[in-house]
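Peer 1: predicted model, plus sequence, below.
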Amino acid sequence: MRRVALRAIRTARQLPALRSTRGSIFQPSNHGLSVRFSSGRAPFPKSTPSSTLPLQSSVIPASMYWRRFSLAVVSGFVGYGAWYTYNGDGTLIKEANPFSSNFKGYRRFWQKGSRDVNTGSSDIKMRRNEESYFIGRGKGVLRYDVVQIPSNDPIEDDHSEKIIETNEAIGAAPNSASDWMFWGVFDGHSGWTTSAKLRQVLINYVARELNSTYQASPNPSTEAIETAMKTGFTRLDNEIVHESAQKVMKGNSKLVAAELLAPALSGSCALLSFYDTNTGSYVGKWAATALSTDQTGSNQDEEARMRKLHPGEDHVIRNGRVLGGLEPTRAFGDATYKWTRQVSERLKESFFGRTPSNLLKTPPYVTAEPVVTTTKIQPERGDFVVMATDGLWEMLSNEEVVGLVGQWIDKHSSDSNGNSASSWTKMFTASQKGLPVEASKENGNSGQKAPIRQRQWGVKESDRFVVEDKNVATHLVRNALGGKDKDMVCALLSLPAPYSRRYRDDLTVEVIFFGNGPKSGDIVVNKEASASANIKPKL
């Protein structure tokens, strides 16, 4: 896969029609399934009636918005396998999740599609892994949707979500209890094991560091919070890369080595979004705002940083890649760019390691330290955030993605309220073929390379965009794969791995909607925008 970091996009401004329709597309109906918390891989109960499980809590506040392998601050703590809370003493507690599946050290291979793919079967493939949840916390997040479509077999992308309630005793002021909400999207390369490791533990590592920071000071500085986030990332990468190598060399077991070194030898970029309910405000029209840039050898700032760290090494960045091989300059794993030559050669000789580059002189060349970006979100303004792996951004621009989300909201608002959304639509400033979005003019940097795939496929402008999905993440993927051109969509979904990688990458998309909804305390499965009630865990 093209090894680049991820991109977050958000829009701002809530309009009257959006407020009037939240009972339909942003709030659960009688068809919802109420659960305490469920991950992207958690199977849902088979029974149709709702069964509410009470939330237990304690709390810590924060007010940041981080993103991407950079981090992103957004709202919603959702977990992949367990629910974590902080007790009054600040201890991190893990509670069993009845709807989750623990990591077993292997990944289920995705079912290959039939050679004879029609529109109906392509829709099934596209929606097989879609999920949608209503967040009834009453603290700034209304809903999030997620979908995954593999190209690699098995898929190398992964994702995780978690909600943490913080203890007001640790907060800045009395009665300041809030939710910490996390979403993570992980874009693996050279295998799936690193992204799977991040799904398991990255949020936990970051949450522990934030907890320690708030215990040390009720009002930590922005710098202290950013340091905590960075520490969580780098400590996990140290475990993946260096501690695993030390254990392997001490244990002298090939069986143990095969398991421990797998996340180190593959790699993954990461986008972690963090949202606390005590955030500031942002006011404006619907706008596409890139919250980070690709952290690759083609990024001039990253190249300058690398050359400063490795003076005299002309090939530290060659053809836009680290030592001419790896595209991302920041990633988890990718240990052959971080180990010394002596360690790499010893592991290769005895434990299935890989040959280090002939250009390797002064490792590490790749770091897991994130670039932290902070922005303010005001839920009542209708902000939303799109998180996705690079498979989406190869196909759609920032503005197109945000405009498509606005188009989806408009369509479903109209479905629920007749023409009540027409005045809302008129307030949009459209800059691309009628899509309701305007490009951000800040810094003049879109944060992404120009999308290449749809030009490569020759998709006509008139055949591009359509709205026919209940799940907004699936809506984005459909339009990325061809939109109105159903023949193109079917063709791209029918290509088997590994041949499909010539034309599309793995796709993982999450969309988080902010807003002030009712406080029921439940996480409710939006069944009409999710796959079957028998969703199977990927791992």
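Peer 2: That came through fine.
Peer 1: which neighbouring elements make contact with the lengthiest helix in the chain?
Peer 2: With DSSP state H setting the assignment, residue counts place helix 193-216 as the longest helix in the chain. Packed against helix 193-216, as judged by 3 or more CB pairs under 8 Å, 6 or more residues apart in numbering; DSSP states H and E, are the following elements: strand 82-86, strand 92-96, strand 157-165, strand 179-189, helix 222-238, helix 262-265, strand 267-276, strand 332-333. Yep, even glycine has a C-beta here, placed from its N, CA and C like the rest.
Peer 1: just so I know, which of those lies nearest Ser350?
Peer 2: When these are compared by CB to CB, helix 262-265 sits nearest Ser350, at 14.1 Å.
Peer 1: what is that closest one packed up against?
Peer 2: By 3+ CB pairs under 8 Å, 6+ apart, helix 262-265 packs against helix 193-216, helix 244-251, strand 332-333.
Peer 1: picking up where we left off before, give me the buried positions along the longest helix of the chain.
Peer 2: Using 16 or more other CB atoms under 10 Å as the test for burial, helix 193-216 gives 193-211, 213-215.
Peer 1: so, low pLDDT: which residues of the stretch 1-150 of the chain?
Peer 2: Judged by pLDDT under 70, the stretch 1-150 of the chain has its weakly predicted residues at 1-24, 29-118.
Peer 1: please enumerate the helices of the stretch 301-450 of the chain.
Peer 2: Here the stretch 301-450 of the chain has its helices, by DSSP state H, counting those that start in this stretch, at 341-350, 390-393, 398-417, 422-426.
Peer 1: now for the first one, which elements pack on it?
Peer 2: Other helices and strands packing on helix 341-350, by 3+ CB pairs under 8 Å, 6+ apart, are helix 244-251, helix 254-260.
Peer 1: of these, which stretch is the most buried?
Peer 2: helix 244-251 (a mean of 16; mean count of other CB atoms under 10 Å).
Peer 1: now it - C-alpha only, PDB.
Peer 2: Written as PDB, here are the backbone C-alpha positions of helix 244-251 (Å, rounded to 0.1, in the frame of the first residue of the first chain):
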ATOM      1  CA  SER A 244      10.500  -7.300  21.600                       C
ATOM      2  CA  ALA A 245      14.000  -7.700  20.100                       C
ATOM      3  CA  GLN A 246      15.500  -8.000  23.500                       C
ATOM      4  CA  LYS A 247      13.000 -10.700  24.600                       C
ATOM      5  CA  VAL A 248      13.700 -12.600  21.400                       C
ATOM      6  CA  MET A 249      17.400 -12.600  21.800                       C
ATOM      7  CA  LYS A 250      17.200 -13.600  25.500                       C
ATOM      8  CA  GLY A 251      14.600 -16.300  24.800                       C
END
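Peer 1: okay, the angle between it and helix 341-350?
Peer 2: Helix 244-251 runs at 50 degrees relative to helix 341-350, counting by axes from the mean of the first three to the mean of the last three CA atoms, to 10 degrees.
Peer 1: give me the contact list for helix 244-251.
Peer 2: By CB atoms under 8 Å, 6 or more residues apart in numbering, the residues outside helix 244-251 that reach it are 256-257, 260-261, 263-264, 335, 339, 343, 346-347, 351.
Peer 1: now the buried members of those.
Peer 2: Among the contacts of helix 244-251, those classed as buried by 16+ other CB under 10 Å are 257, 260-261, 263-264, 335, 339, 343, 346-347, 351.
Peer 1: cheers, nothing more for now.
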